[in-house]
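Asks: I would like the atomic coordinates for the input below:
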Amino acid sequence: MGYSTMAHALIAYVEGHLGNLDMKKMAERFGYSESYLRELFKKNMDMPIMQYYKRRKIVVSASELLHSDKKIIDIALESGFSNHESYTRSFQKIFNMTPSQFRIDRPLLGRKQLDMGVFGLEYPTSKEKRSDGLMMKQDEENTILYDIRKIEQGAYGSNTMFPICVKAVSEYLGDDVSYAYIMAATGAAFRLVWNQATWDLSNIDIYHALRESNDIYQYGARALGREFSFLGRKEETTKEEFAGYMKSTISKGYPVIALGIIGPPEPCIVAGFESDGDVVMGWNFFQNDPEFSSKASTMDNGYFRCSTWWENTDTQAAMCIGALSAAPSYSDKEIIKMAIDIMRAREEKTYAKGIQAYEAWKNMLLDEKWFENNAAFNHLFSKMLVQNDAMTCIGDGRKWAAKYFEELSVKYAKQEEAMCLNIAEHFNKVSNIAGEMMSIIGDWSDTEKMVLNFVNRPNREQLANMIVSAASEDTMAFEQMKLFYNCI
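Replies: The predicted model follows:
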């Protein structure tokens, strides 16, 4: 292994072990003495390896200050410091301010190329702010983007996969926007769709939110003022074409949001590739699910590592939220217009969309043909999952819709502020109704009981009444949004 290759491998190893760097294990892994590795690293990076390691841990911890509500002492302890004071001293040496001041001032923190084929979060210089900075030569065979926040159910207090991915990517690229804004600007906060022909587990796919089109995915990029590209998997699409798209994107330091890779065609983040694209790594909502993860391994930093991503026929698309765009990002008015379009009652093919979806949902819930006594448990369980998805869709979505309008209210004069808060109140009621519906069905500790509760006719009648109430609150929010749109 040549000198430059060795130095590159050392940097990649440290970046992949920011949680806990063990020099002894590192020496064993490389097959050299600790002293030799320390000497080599210092020559290449102009600082001792442990100094680099501690600095990188602090920089990554700064992202938690910006994008979480964790207490500073908790962030300090998670970063390996024994107390608040030692963390603050080390933090000030890098940022010239205390952690609490950093949280208030919210300076830019975003991805930067650390070495050829290695990217991570960094504190940019003034010349690099909101730019791509200086790019080294790209690595066409192996590149990895470290420090992207883990995506999982419950991340950011949400369960909506695509906005979670967009928010994680936005943080990595240095965009400081709220999760409520992401939920609203992607349209996810306002959607509800119901297939009137069957109990359809794809109801909640963001793909259905407006028209049957992949165009909805670009809204996340536009919300951040960034360029967007998309590659769908068609019958004639080759693995080489798909891998080439991901390689080209990631080697420039931009994560890929893909549908599939591990498990069903849900969004995930591809953060790196090896072996010229045969192997990919990143975060996936299903990477620890035994049903889907048997052909994937876990890297030391938590990323999945998968070589069978193309064999998974549910790998259906890849997209990039890329460089800053010359076009302006969405205005408040554009987001409100999109929300109105999404919530407008309408039918497309077999789908009831927007407020009309509530009626279709209620009708199928009360139609006994779907709940006959001889219906197999697995069929009933599948219907219960569709019911759960719909409840989660409005519960999570309208919670963040309300939060978005609460955030929006402070930007306007009293009349518009009152309208925003009134809209938020209606959306919060919908979210609360969804929570009440979930309590009727029960929790996931006993799935058999959940199915029995769901099938029970009186319970379904109670759920139907709640659906009517949620539709009423959504309708009032919808009418208020139209008025607000005409005022701004």
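
Asks: Residue 435: what's it in contact with?
Replies: residue 395 (C-beta atoms under 8 Å, 6 or more residues apart in numbering). Just so you know, the C-beta spots here come from the backbone N, C-alpha and C atoms, and that holds for glycine as well.

Asks: Give me the secondary structure label for it.
Replies: helix (DSSP: H, G, I helix; E, B strand; the rest coil).

Asks: any idea of the pLDDT on it?
Replies: At residue 435, the model reports a pLDDT of 97.

Asks: what about it, distance to residue 394?
Replies: In this view, residue 435 and residue 394 are 10 Å apart by C-beta to C-beta, to the nearest Å.

Asks: now residue 88
Replies: Residue 88 is 43 Å from residue 394, by C-beta to C-beta.

Asks: What of residue 270?
Replies: 30 Å.

Asks: These two: who's more crowded?
Replies: residue 394 (29 against 24; other C-beta atoms under 10 Å).

Asks: so which helix or strand takes in the more buried one?
Replies: Using DSSP states H and E, residue 394 sits within helix 377-409.

Asks: repeat for residue 38
Replies: helix 34-45.

Asks: Give me the buried stretch members for that helix, please.
Replies: 37, 38, 40, 41, 44, 45 (16 or more other C-beta atoms under 10 Å).

Asks: now what about the next helix or strand after that helix, what contacts it?
Replies: Past helix 34-45, further along toward the C-terminus, the next helix or strand under DSSP H and E is helix 49-67. When contacts are defined by C-beta under 8 Å, 6+ apart, helix 49-67 is touched by residues 10, 14-15, 18, 21, 23, 37-38, 41-42, 45, 47, 70, 72, 75-76, 78-80, 87, 90-91, 94-95, 99, 102-103, 106, 109, 120-123, 147, 149, 171, 176.

Asks: and if we set it to 7 Å?
Replies: 14, 18, 21, 38, 41, 45, 70, 75, 79-80, 90-91, 94-95, 99, 102-103, 106, 109, 120-123, 147, 171, 176 (C-beta atoms under 7 Å, 6 or more residues apart in numbering).

Asks: Ok, stretch 221-239 next?
Replies: 170, 175, 177, 181-182, 185-186, 214, 217-218, 242, 245, 310, 315-325, 328-330.

Asks: one more time with 6 Å
Replies: For stretch 221-239, the surrounding residues in contact (C-beta atoms under 6 Å, 6 or more residues apart in numbering) are 170, 175, 185, 214, 218, 245, 310, 316-325, 329-330.

Asks: now do the same end-to-end measure for that stretch.
Replies: Criterion C-alpha to C-alpha, to the nearest Å; first-to-last residue distance in stretch 221-239 is 25 Å.

Asks: List the buried residues in that stretch.
Replies: Applying 16+ other C-beta under 10 Å to stretch 221-239 flags 221, 222, 223, 224, 225, 226, 227, 228, 229, 231, 233 as buried.

Asks: Residue 324 and residue 215: what is the separation?
Replies: 21 Å.

Asks: hey, where'd the helices end up in the stretch 1-150 of the chain?
Replies: 3-15, 23-30, 34-45, 49-67, 72-78, 84-95, 99-105 (DSSP state H, counting those that start in this stretch).

Asks: about what we covered before: from the contacts of helix 49-67, which would you call buried?
Replies: Taking 16+ other C-beta under 10 Å as the criterion, what is buried in the contacts of helix 49-67 is 14, 18, 21, 38, 41, 45, 75, 79-80, 90-91, 95, 99, 102-103, 109, 120-123, 147, 171.

Asks: quick one, what contacts residue 471?
Replies: 355, 358.

Asks: any idea whether residue 271 is helix, strand or coil?
Replies: strand.

Asks: For the residue lying closest to it once chain neighbours are set aside, identify the helix or strand it belongs to.
Replies: If you skip the residues right next to it in sequence, residue 271 has residue 282 as its closest partner in space, 3.9 Å away by C-beta to C-beta, 6 or more residues apart in numbering. Per DSSP H and E, residue 282 falls inside strand 279-283.

Asks: Would you mind identifying the next helix or strand past that strand?
Replies: Using DSSP H and E, the first helix or strand after strand 279-283 is strand 296-298.

Asks: Could you pull out the buried residues of that next one?
Replies: By neighbour count on 16+ other C-beta under 10 Å, the buried set for strand 296-298 is residue 296.

Asks: quick one: strands adjacent to that strand?
Replies: Note on strand 296-298: by DSSP bridges, its sheet partners are strand 304-306 (antiparallel).

Asks: just checking, what packs against the helix or strand of the chain with the lowest mean pLDDT?
Replies: Counting by mean pLDDT, DSSP states H and E, the weakest-scoring helix or strand in the chain turns out to be helix 3-15, with a mean of 83. Helix 3-15 makes packing contacts with strand 118-122 when contacts are defined by 3 or more C-beta pairs under 6 Å, 6 or more residues apart in numbering; DSSP states H and E.

Asks: relative to helix 3-15, how tilted is the strand it packs on?
Replies: Relative orientation of strand 118-122 versus helix 3-15 (axes from the mean of the first three to the mean of the last three C-alpha atoms, to 10 degrees): 50 degrees.

Asks: C-alpha coordinates for strand 118-122, CSV please?
Replies: C-alpha atoms of strand 118-122 as CSV (Å, rounded to 0.1, in the frame of the first residue of the first chain):
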residue,chain,number,x,y,z
VAL,A,118,-13.9,11.0,2.1
PHE,A,119,-16.4,13.7,3.1
GLY,A,120,-17.7,14.7,6.5
LEU,A,121,-19.2,17.6,8.4
GLU,A,122,-17.0,20.6,8.9
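
Asks: can you list contacts of that strand?
Replies: Strand 118-122 is contacted from outside by 11-12, 15, 59-60, 63, 111-114, 145-147, 253, using C-beta under 6 Å, 6+ apart.

Asks: of those residues, closest to residue 286?
Replies: residue 145 (20.3 Å; C-beta to C-beta).

Asks: neighbours around residue 66, how many?
Replies: For residue 66, the neighbour count with other C-beta under 10 Å is 15.

Asks: no, scratch that, I was asking about residue 476
Replies: Neighbours of residue 476 under the rule other C-beta under 10 Å: 17.

Asks: just to revisit the earlier point, and the contacts of stretch 221-239, which of them are in strands?
Replies: Of the positions in the contacts of stretch 221-239, 317, 318, 319, 320, 321, 322, 323, 324 sit in strands, assigned by DSSP state E.
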